[in-house]
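**Q** below is the sequence, then the predicted model.
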Amino acid sequence: MGLLPEGDKMKKYTAVFLIFLCGALYAYWIDAQQDARKKITAASVENKEIAPARPMGIFGKNLLARANRLYEQGKYEEAFLKYEELRDKYPDNPLAYYGMGSVWYAAGNFAMAIDRYNIAIKLEPNFAEAYYWLGNAYFKAGKKEDAVRAWKECLKIDPGNENAKEKLKALSR
């Protein structure tokens, strides 16, 4: 006879098995996440995707999602604070600066929007959407030549960007 009654032994073995199973599933999930991240990064480089791929972890992704949701709800101050928090946690992630630029743009502070979009572009030179909004901010700030340059750069990266095409077409009329 062992130290534990028969039913307790079974519970112990079940608990050990479940812990082992959770550990194995977690290791598998981590491996799958790393593979997916590699594929996304490779696709971004190959296809020059509009949104840059930067590993952030679940905390960063959730923080970005919250910031974007607040922005979409028109809660710009709260969104800005979340984008700042994202920047503080992941200083080399262009999405934080892009988000801050979008908040400044919505607030009508085009000089600050230009600054933040430029930082996002410096961090991710193939960030077509940042170039598009940089062009819009330049245009609103009365800097049409800079706007044209930004929209053309957007189209070099993303030739199918209809918004940038429309902006350039409207200026040529």
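**A** Now that the structure is in, tell me what you want to look at.
**Q** from now on I want contacts and neighbour counts done on CA atoms only, so please keep to that.
**A** Will do.
**Q** surely residue 105 meets residue 117?
**A** No - contact criterion Cα atoms under 8 Å: residue 105 and residue 117 do not qualify, at 9.9 Å.
**Q** local confidence estimate at residue 58?
**A** Here the pLDDT value assigned to residue 58 is 85.
**Q** state the helix or strand in which it lies.
**A** Residue 58 is part of helix 57-72 when elements are defined by DSSP states H and E.
**Q** likewise residue 100?
**A** In the assignment (DSSP H and E), residue 100 maps to helix 94-106.
**Q** got a list of contacts for stretch 136-155?
**A** Here stretch 136-155 makes contact (Cα atoms under 8 Å, 6 or more residues apart in numbering) with 105, 110-111, 113-114, 127-132, 134-135, 161, 164-165, 167-168.
**Q** among these, which are in helices?
**A** If you go by DSSP state H, those have 105, 110-111, 113-114, 128-132, 134-135, 164-165, 167-168 in helices.
**Q** list buried residues within the residues you listed.
**A** Those of the ones in helices among the contacts of stretch 136-155 that meet the buried threshold are 105, 110, 113-114, 128-132, 134-135, 164-165, 167-168, by 16 or more other Cα atoms under 10 Å.
**Q** just the closest of those residues to residue 156, please.
**A** Checking these against residue 156 by Cα to Cα gives residue 128 as the nearest, at 8.3 Å.
**Q** hang on, isn't that closest one packed against residue 159?
**A** No - Residue 128 sits out of contact with residue 159 when judged by Cα under 8 Å, with a separation of 9.5 Å.
**Q** how many neighbouring residues does residue 83 have?
**A** Using other Cα atoms under 10 Å, residue 83 is surrounded by 27 other residues.
**Q** and the strand or helix carrying it, what's its mean pLDDT?
**A** According to DSSP H and E, residue 83 maps onto helix 76-89. Average pLDDT, helix 76-89: 95.
**Q** nice, that's everything, thank you.
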